[in-house]
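Q: following is a predicted model, sequence given first.
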Amino acid sequence: MFETTMLNSKNIGILINDEKPYKEFEELLIPTLKTKGMKIYYLFTLQNSSLGIKNKFIIRSRIARIIHKTYHDSLLWKNRDLSVSYKFRAIGKFGSNAQRILNSNNFLPQIRPSSFLVRIIIRFISQEIFTNLMKVYLNLVVFPFVSIKNKTILNKIDILLVPYGARMSIEEDFAIWYAKKLNIKSVAIQENWDNLSSKKFIFSQVDYFITWGLQSTDHLRTFQNYKGETKEFGCMRMQQFYKSKSAEIENQFLRNGSIENSKKKSRTFLFIGNGTINDFELLDFLDNYVESQAEAHLENTFFIFRPHPYSRVDLSNRLLEIKNNKITIDIPKKNEDNHYRLKLISDAEVVVGFYSTVLLESLIMEKIVAIPSFLGSKTRYKAFDFLNDSPHYSGISQLSNLYNFHTGKSFEDFLNNLPKRINDSESNHILNMCCENKDTVNEISSFLLDLI
């Protein structure tokens, strides 16, 4: 699949099983790798794609795919108590009706439970003897057979790079396994904040794992039992927010002499959807709040509602009902780059979001951030507790600019009387634990060069 190159060249093979990391790498990392003399080869494993890909690597065996999926599903059920996110995901898919009612929440309400028979099977074979047998079957039967049929797939590659998005992928697990057999170094790059504490469990371990920070490295060790070498290099797209914050502070000093004296003629409140049924409630609150306020109170105040780019609910009809000229609907564009979202946050006075990575981005930029935890108040599990219960949010409840709201009334009072932004060393330390403030692209590219 990969063309033959000169022996002294630096060849990076990048496994792509989703369009999102492909676009992010193309925008943020690949240009730097090429300037450092590296030649890029993509190993596409997408089943369906709008990228117009011609050469793809897909493992077609139906039995192998079923065993692989069953293995990962069994691990999820077996380890469901490791974190609240794992628990909600496992019970949502494989729990009994009583368990789903007892653990009802508004984080993963769209998870459709498997059939009764599948739920029984998964819960039964999640015992260690069966998970070990499935792992042995994949490692000693399936993968060796696939390697015979695809023996040139990693030909002439010096390093296999894997954007780790915690997606279930038999091709990804095989490629990492095969790289080890060929003594090709493998490197994973953490894609999202919660990848190591909420979605799946690692099957094939890479030689090196690049994480956002010490928090994620800890999750990698404790939840994933990772034994390889780790590097805390931050996140490529998050680094843009760190840089933007520094530039914004510098510009404020140049314009006004001090940050405290800087004033904006107008202010914007940015509301971020999370792609679940919570967005309907959030829209209703925003619409009702703006309608209830006196015109004088909202003078030079504007609101933006931005749906999640990969929403699991259809908001289109509800969005059409928003008629107030104080509210702008900002639909994410298909080819939108990271800088657009960065500017939205940079221009906002306050960012409102329901447990998403946008909250971390906003906190990095020292924005006032509000979590409307009163959404979905009828569920058994209260969203307010997630701030302390979730591993990847653990600790950030202490951040000075973060506010979490039990009730709609307390949230409304907050919007009417916004607190001042605070910059303190403890908050900066916590944010760096979550995501290091480093030149991530340069760190990654230099590390890859050193490995070659």
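A: The structure has been received and is ready for your questions.

Q: burial of residue 15, as a residue count?
A: 24 (other Cβ atoms under 10 Å). Using the backbone N, CA and C atoms, a C-beta is placed for each residue, glycine as well.

Q: check contacts around residue 36.
A: Contacts of residue 36 were listed using Cβ atoms under 8 Å, 6 or more residues apart in numbering, and they are 10, 445, 449.

Q: wait, the last one touches residue 10, no?
A: Yes: look at residue 449 against residue 10 with Cβ atoms under 8 Å: they come within range, at 7.1 Å.

Q: overlap in contacts of those two?
A: Counting by Cβ under 8 Å, 6+ apart, the common neighbours of residue 449 and residue 10 are 36, 38.

Q: sorry, back to before: neighbour-wise, which one of the contacts of residue 36 leads?
A: residue 445 (21 neighbours).

Q: what helix or strand is the residue nearest to that one when sequence neighbours are not counted on?
A: For residue 445, ignoring the flanking residues on the chain, the nearest one in space by Cβ to Cβ, 6 or more residues apart in numbering is residue 32 at 5.0 Å. Assigned by DSSP states H and E, residue 32 falls within helix 30-35.

Q: for that helix, packing partners?
A: The contact analysis (3 or more Cβ pairs under 8 Å, 6 or more residues apart in numbering; DSSP states H and E) places helix 30-35 against strand 38-44, helix 440-451.

Q: any weak-confidence spans in this structure?
A: Flagging of the chain using pLDDT under 70 yields the residue ranges 1-9, 246-265.

Q: how is it partitioned into domains?
A: For the chain, automatic domain parsing gives the domain ranges 10-57+150-235+439-451, 64-128, 238-434.

Q: now those as TSV including distance to residue 134?
A: Conversion of those to TSV gives the following (distance: least, Cβ to Cβ, whole Å):
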stretch	distance to residue 134
domain 10-57+150-235+439-451	10
domain 64-128	4
domain 238-434	26
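
Q: of these, which approaches residue 143 most closely?
A: Proximity to residue 143 (Cβ to Cβ) singles out domain 10-57+150-235+439-451 among the domains of the chain, at 5.1 Å.

Q: what about the closest one, how long is it end to end?
A: Distance across domain 10-57+150-235+439-451, first residue to last, is 10 Å (Cα to Cα, to the nearest Å).

Q: and that domain, how far out from the chain middle?
A: Relative to its chain's centre, domain 10-57+150-235+439-451 lies at 15 Å (Cα atoms, centre = their mean, to the nearest Å).

Q: distance of residue 289 relative to residue 277?
A: Going from residue 289 to residue 277 by Cβ to Cβ, to the nearest Å gives 19 Å.

Q: kindly report the same for residue 113.
A: In terms of Cβ to Cβ, residue 113 sits 17 Å off from residue 277.

Q: same check on residue 317?
A: 14 Å.

Q: compare the two (neighbour count), which wins?
A: residue 277 (16 against 7).

Q: what about the more buried one, distance to residue 103?
A: According to Cβ to Cβ, residue 277 and residue 103 sit 17 Å apart.

Q: try residue 402
A: 26 Å.

Q: what's the answer for residue 224, then?
A: Distance of residue 224 to residue 103, given as Cβ to Cβ: 23 Å.

Q: cool, and residue 134?
A: According to Cβ to Cβ, residue 134 and residue 103 sit 26 Å apart.

Q: centre of the protein to the edge, which residue is at the far end?
A: residue 296 (39.6 Å; Cα atoms, centre = their mean).

Q: identify all contacting residues around stretch 105-115.
A: Contacts for stretch 105-115 (Cβ under 8 Å, 6+ apart): 85, 88-89, 92-95, 100, 119, 122, 276-278, 312-313, 355, 375-376, 379-381, 383, 386.

Q: which of the residues you listed fall in helices?
A: Judged by DSSP state H, the subset of the contacts of stretch 105-115 located in helices is 85, 88, 89, 92, 93, 94, 100, 119, 122, 278, 386.

Q: and the third one, how many neighbours does it have?
A: Counted with other Cβ under 10 Å, the burial measure for residue 89 works out to 20 neighbours.

Q: not counting residues beside it along the chain, what's closest to it?
A: residue 108 (5.9 Å).

Q: partner strands of the host helix or strand of residue 328, with direction?
A: Using DSSP H and E, residue 328 sits within strand 327-329. When sheet partners are counted by DSSP bridges, strand 327-329 sits next to strand 301-306 (parallel).

Q: may I have the strand it pairs with exported as PDB, CA atoms only?
A: What follows is strand 301-306, C-alpha atoms only, in PDB (Å, rounded to 0.1, in the frame of the first residue of the first chain):
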ATOM      1  CA  THR A 301     -25.300  42.400  25.000                       C
ATOM      2  CA  PHE A 302     -25.600  39.600  22.500                       C
ATOM      3  CA  PHE A 303     -25.900  35.800  22.600                       C
ATOM      4  CA  ILE A 304     -24.500  33.100  20.400                       C
ATOM      5  CA  PHE A 305     -25.800  29.500  20.400                       C
ATOM      6  CA  ARG A 306     -23.400  27.000  18.700                       C
END
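
Q: name the helices or strands packed onto the next helix or strand after it?
A: Per DSSP H and E, the first helix or strand lying C-terminal to strand 301-306 is helix 316-320. Judged by 3+ Cβ pairs under 8 Å, 6+ apart, helix 316-320 is in contact with helix 278-292.

Q: what comes up buried for the helix it packs on?
A: 278, 279, 281, 282, 283, 285, 286, 287, 289, 290 (16 or more other Cβ atoms under 10 Å).

Q: now the second one, nearest residue through space, not along the chain?
A: Okay, so that is residue 279. Excluding the flanking residues, the one nearest residue 279 by Cβ to Cβ, 6+ apart is residue 273, at 4.1 Å.

Q: what number of residues lie near the one you found?
A: If we define neighbours as other Cβ under 10 Å, then residue 273 has 23 of them.

Q: need the contact partners of the one helix or strand residue 76 maps to.
A: Here residue 76 sits within helix 62-78, counting by DSSP H and E. Residues outside helix 62-78 that contact it (Cβ under 8 Å, 6+ apart) are 59, 86, 89-90, 93-94, 121-123, 125-128, 130-131, 134-135, 137-138, 142, 146, 168, 170, 173, 200-201, 203.

Q: now, of these, which are buried?
A: 59, 86, 89-90, 93-94, 121-123, 125-126, 130-131, 134, 137-138, 142, 146, 168, 170, 173, 200-201, 203.

Q: hey, where'd the strands end up in the stretch 101-250 of the chain?
A: With strands called from DSSP state E, counting those that start in this stretch, the stretch 101-250 of the chain shows them at 159-164, 185-190, 208-211, 229-232.
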